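Visitor: Provided below are the primary sequence and the corresponding predicted coordinates.
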Amino acid sequence: MLEGILTKIIPATPGYLPKWILFISVVAIFNSLQTYTNISLTKKVYANKPEEVSSLSARTFGTWTLVSAIIRAYAAFNMTDVHVYNLCIVSYIIALWHFGSEWLIFKTCKFDKGLFGPLIVSTLSITWMILQKDYYTGLIN
């Protein structure tokens, strides 16, 4: 019975990448939900200018995070669809651009634990997905 449940909630596509993407998606969903109830974690991400984090900006960030999580969850279960795969990569590129620009251009982020997670996850995911693209999307060709 447990095996049947797990096969429905864990991507069947071989390899660790689909499981990684699903894991990141689940974490993002919880992160998104917390932005609606508490802005303290969002202020830690934008630690150089926490006064610029409002309840509205946190909820907007949470909504953006939720959209990204849904794209990534869908991709985790549809890794062989090149269009979905590409959309997932783009979602990580947008995240990297956002956090990178907030750190380097707008100076709202400190280079500390609040920023490390998003930078590591986006960079690792982009790299891993680019390196494995032929393997996953080649399954449908």
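Guide: Here it is on my side, so go on.

Visitor: what is the mean pLDDT for the top helix by length along the chain?
Guide: Criterion DSSP state H: the longest helix present in the chain is helix 113-137. When pLDDT is averaged over helix 113-137, the result is 95.

Visitor: And stretch 70-83, by the same measure?
Guide: Here the mean pLDDT over stretch 70-83 is 96, rounded to a whole number.

Visitor: Would you mark the buried spots in it?
Guide: When burial is assessed from 16 or more other Cβ atoms under 10 Å, stretch 70-83 yields the following buried residues: I71, R72, A73, Y74, A75, A76, F77, N78, M79, D81, V82. Every C-beta, even on glycine, is put in place using the N, C-alpha and C of the backbone.

Visitor: In TSV, list those residues along with distance to K8.
Guide: Putting the buried residues of stretch 70-83 into TSV (distance: Cβ to Cβ, whole Å) gives the following:
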residue	distance to K8
I71	20
R72	18
A73	13
Y74	15
A75	17
A76	13
F77	10
N78	15
M79	16
D81	19
V82	24
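
Visitor: ok, back up a step: can you list contacts of the longest helix of the chain?
Guide: Where contact means Cβ atoms under 8 Å, 6 or more residues apart in numbering, the residues beyond helix 113-137 that reach it are 13, 15, 17-18, 20-21, 24, 44-47, 79-82, 85, 88-89, 92-93, 95-96, 99-100, 103, 109.

Visitor: List only buried entries from those.
Guide: Applying a neighbour-count criterion of 16+ other Cβ under 10 Å, the buried members of those are 13, 17-18, 20-21, 24, 44-47, 79, 81-82, 85, 88-89, 92, 95-96, 99-100, 103, 109.
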